[in-house]
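> Build me a model:
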Amino acid sequence: MRQEDPVTIAEIGNANRDIAALMAEMGEKARAAAETLAGISTKQKDAGLLCAAMVVRANIDDILEANEKDLAAAREKGLSGAMLDRLMLDEKRVEAMAKGIEEIAALPDPVGAKIAEWDRPNGLHIERVRTPLGVIGIIYESRPNVTADAGALCIKSGNAAILRGGSESSHSSRIIHASLVEGLLASNLPEAALQLVPTTDRAAVGEMLKGLNGAIDVIVPRGGKSLVARVQAEARVPVFAHLEGICHVYVDKDADLEMARHIVMNAKLRRTGVCGAAETLLVDQACAETHLAPLVKDLIEAGCEVRGDAIAQRADPRVKAATEADWSTEYLEAIIAVRVVKGVEEAMRHIATHGSHHTEAIVTANQATADRFLAAVDSAIVLHNASTQFADGGEFGMGAEIGIATGKFHARGPVGVEQLTSFKYVVRGTGQTRP
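Predicted coordinates:
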């Protein structure tokens with residue numbers, strides 16, 4: 001071993017210990033802030049969020065300047081167009097961010113809400129009441145708006161948040177986080193209720209996945225497949241996550257062609273880099289002769305690469321041959337796989353085999369067929385005669401979302417303020433004892 005090796009190893013060890021200490025301190029502060037938030041009034045939380053939205057608007061020039069630094073670094077690294085789109089902020093997106101915070105403030109406060117109540121024969125009155133989860137760790141990559149969306153949702157639901165953004169969005173996230181904290185402090189909310197991890201070192205993620213000595217109650221990853229896979233494999237606390245958004249549109253034999261054309265184009269091409277973008281188009285064999293060629297033509301002429309089965313290739317010679325891997329690929333760019341299936345049952349089997357339990361849509365005028373699809377497809381979001389791009393908390397009236405969960409926990413689909421709560425039982429008696 002060379003003489004300098006022990007020094008290098010020692011330095012690495014010291015750095016890891018420093019990060020562990022930093023993260024442990026953040027966990028302690030977050031836990032204390034969560035205890036404070038749990039007892040804060042709706043009025044005070046909403047005031048803090050409205051102030052935060054106001055500060056975000058006031059700081060728009062600083063936010064865009066910081067975002068341009070992130071974009072320049074991302075271009076230098078050669079990140080894809082889809083990744084650049086996720087990272088990019090402009091005046092419209094910053095305004096949407098501020099408006100989203102205001103919409104979250106306007107939502108009913110879930111904390112303390114009664115989910116159910118009933119009386120027992122012995123006179124006990126039992127209530128199931130919503131409570132905050134506590135401390136939520138959010139690990140995300142290139143989307144700087146997650147800083148605002150996740151932060152606001154956590155505050156509204158009475159939770160403290162520890163945010164760990166990726167290096168790609170570090171400049172943007174810091175300015176957005178500072179804006180939010182300024183708004184919270186103006187309403188006397190605890191500063192530690194919303195903390196941003198100040199390092200992009202991957203060791204910080206490892207500490208969060210360990211739970212920060214019990215401080216973190218749940219982890220929410222927002223990012224690529226490798227990040228989510230790591231979180232799901234290593235986390236020692238519950239995880240709200242989706243690994244991929246392999247979303248399908250099934251065009252049934254009873255579909256109105258013009259409606260199908262509009263839906264398919266929007267589902268694929270409105271924004272190709274979002275997790276609700278359609279990645280596979282399934283067309284009923286019974287309508288392939290009339291529907292398949294126009295659908296494929298629309299996509300190709302709009303600049304979308306189509307990879308299809310033999311029937312799709314015969315419908316348009318510009319269609320490239322699909323491989324088996326294409327049926328299970330999340331492209332996140334202007335590429336779509338097209339397959340002809342024998343009716344709704346085969347479409348559902350395809351989705352069950354190749355899908356990711358995220359979002360699926362059926363286009364049909366037959367209500368019975370639609371009902372069969374909506375009931376049987378085991379995905380977090382299923383739609384009838386609507387684009388998969390509606391897979392979004394804001395479109396669901398949640399103000400925003402902290403992510404799309406595809407697991408089987410109580411939080412499934414867009415994770416909004418209600419999904420960021422648990423519950424407890426409040427039991428009222430008049431002196432009862434159990435025999």
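> What's the mean pLDDT across stretch 165-179?
Mean pLDDT, stretch 165-179: 94.
> for that stretch, the distance to its chain's centre please.
Relative to the mean C-alpha coordinate of its chain, stretch 165-179 is positioned 18 Å out (C-alpha atoms, centre = their mean, to the nearest Å).
> what does that stretch rub up against?
52, 55-56, 58-59, 62-63, 66-67, 69-70, 73-74, 79, 83, 87, 89, 97, 140-148, 151, 163, 194, 196-197, 200, 223 (C-beta atoms under 8 Å, 6 or more residues apart in numbering). For every residue, glycine as well, the C-beta is placed using N, CA and C.
> Over to stretch 72-82?
83-84, 87, 142, 168, 272-273, 332-333.
> again, but for stretch 32-51
With C-beta under 8 Å, 6+ apart as the criterion, stretch 32-51 contacts 101-102, 104-106, 109, 111, 131-132, 134-135, 152, 155-156, 158-160, 182-184, 186-193.
> which of these are buried?
Buried by 16 or more other C-beta atoms under 10 Å: 101-102, 104-105, 109, 111, 131-132, 134-135, 152, 155-156, 158-160, 182-184, 187, 189-190, 192-193, out of the contacts of stretch 32-51.
> Keep only those of the residues you listed that are in strands.
131-132, 135, 160 (DSSP state E).
> possible to save those residues as CSV with pLDDT?
Formatted as CSV, those follow (pLDDT from 0 to 100):
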residue, pLDDT
131, 96
132, 97
135, 98
160, 98
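> CSV please, covering those residues and showing distance to residue 19.
CSV is the format used below for these (distance: C-beta to C-beta, whole Å):
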residue, distance to residue 19
131, 31
132, 27
135, 18
160, 20
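> ok, of the residues you listed, which one's closest to residue 310?
residue 135 (53.2 Å; C-beta to C-beta).
> Report the contact partners of that closest one.
Contacts of residue 135 by C-beta under 8 Å, 6+ apart are 27, 30-31, 34, 159-162, 215-217.
> can you pick the most crowded of these?
Counting neighbours by other C-beta atoms under 10 Å, residue 160 leads those with 32 neighbours.
> ok, what's across the strand from that one?
For residue 160, the beta-bridge assignment (DSSP bridges) gives partners residue 135.
> From residue 429, how far off is it?
33 Å (C-beta to C-beta, to the nearest Å).
> Let's see which of the buried ones among the contacts of stretch 32-51 end up in helices.
Of these, the ones assigned to helices by DSSP state H are 101-102, 104-105, 152, 155-156, 182-184.
> In CSV, list these along with distance to residue 325 and pLDDT.
What follows is these, written out as CSV (distance: C-beta to C-beta, whole Å; pLDDT from 0 to 100):
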residue, distance to residue 325, pLDDT
101, 40, 94
102, 43, 95
104, 39, 94
105, 45, 96
152, 39, 95
155, 42, 97
156, 41, 96
182, 48, 97
183, 46, 95
184, 46, 95
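> right, and out of these, which lies closest to residue 286?
For these, the nearest to residue 286 is residue 104 (44.9 Å; C-beta to C-beta).
> can you tell me how far the nearest residue in space to the closest one that is not next to it in sequence sits from residue 262?
Spatially, and ignoring its direct neighbours in sequence, residue 104 is nearest to residue 399 (3.7 Å; C-beta to C-beta, 6 or more residues apart in numbering). Going from residue 399 to residue 262 by C-beta to C-beta gives 27 Å.
> So the two - more neighbours on which side?
residue 399 (23 against 14).
> got a list of what that one touches?
100-101, 103-104, 106-107, 152-153, 156, 393, 416-417.
> please redo it, this time with the cut-off set to 7 Å
Residue 399 makes contact with 100, 103-104, 107, 393, 416 under the criterion C-beta atoms under 7 Å, 6 or more residues apart in numbering.
> Now do the phi/psi pair for it.
phi 80, psi -50 (degrees, to the nearest 10).
> Same question for the one 5 residues further on.
With angles defined as degrees, to the nearest 10, residue 404 shows backbone torsions of phi -110, psi 120.
> now do residue 84
According to degrees, to the nearest 10, residue 84 has phi -60, psi -40.
> Check the spacing between residue 312 and residue 321 real quick.
The value you get for residue 312 to residue 321, if C-beta to C-beta is used, is 9 Å.
> So which of those two has more stuff around it?
More neighbours surround residue 312 than the other of residue 312 and residue 321, with 25 against 11 (other C-beta under 10 Å).
> tell me which element that one falls in.
helix 310-315 (DSSP states H and E).
> Return the mean pLDDT over that helix, rounded to an integer.
Mean pLDDT, computed over helix 310-315, is 98.
> Can you show me the CA trace of that helix as CSV?
C-alpha atoms of helix 310-315 as CSV (Å, rounded to 0.1, in the frame of the first residue of the first chain):
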residue,chain,number,x,y,z
ALA,A,310,-46.3,-7.3,-37.6
ILE,A,311,-49.9,-6.0,-38.1
ALA,A,312,-48.8,-2.5,-37.1
GLN,A,313,-45.9,-2.7,-39.6
ARG,A,314,-48.3,-3.7,-42.4
ALA,A,315,-50.5,-0.7,-41.5
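> which helices and strands does that helix pack with?
Counting by 3 or more C-beta pairs under 7 Å, 6 or more residues apart in numbering; DSSP states H and E, the packing neighbours recorded for helix 310-315 are helix 288-301, strand 335-341.
> Nearest to residue 308, out of these?
Closest approach to residue 308 among the helices and strands packed on helix 310-315 is made by strand 335-341 (3.9 Å; C-beta to C-beta).
> List the buried residues of the closest one.
Buried, per 16+ other C-beta under 10 Å, within strand 335-341: 335-341.
> what about stretch 50-66, start to end distance?
23 Å (C-alpha to C-alpha, to the nearest Å).
> Tell me the buried residues in it?
Neighbour count says stretch 50-66 has 50-57, 59-60, 63-64, 66 buried, by 16+ other C-beta under 10 Å.
> The stretch 201-350 of the chain: strands as residue ranges?
Counting by DSSP state E, counting those that start in this stretch, the stretch 201-350 of the chain has strands at residues 218-222, 247-251, 278-284, 305-308, 320-321, 335-341.
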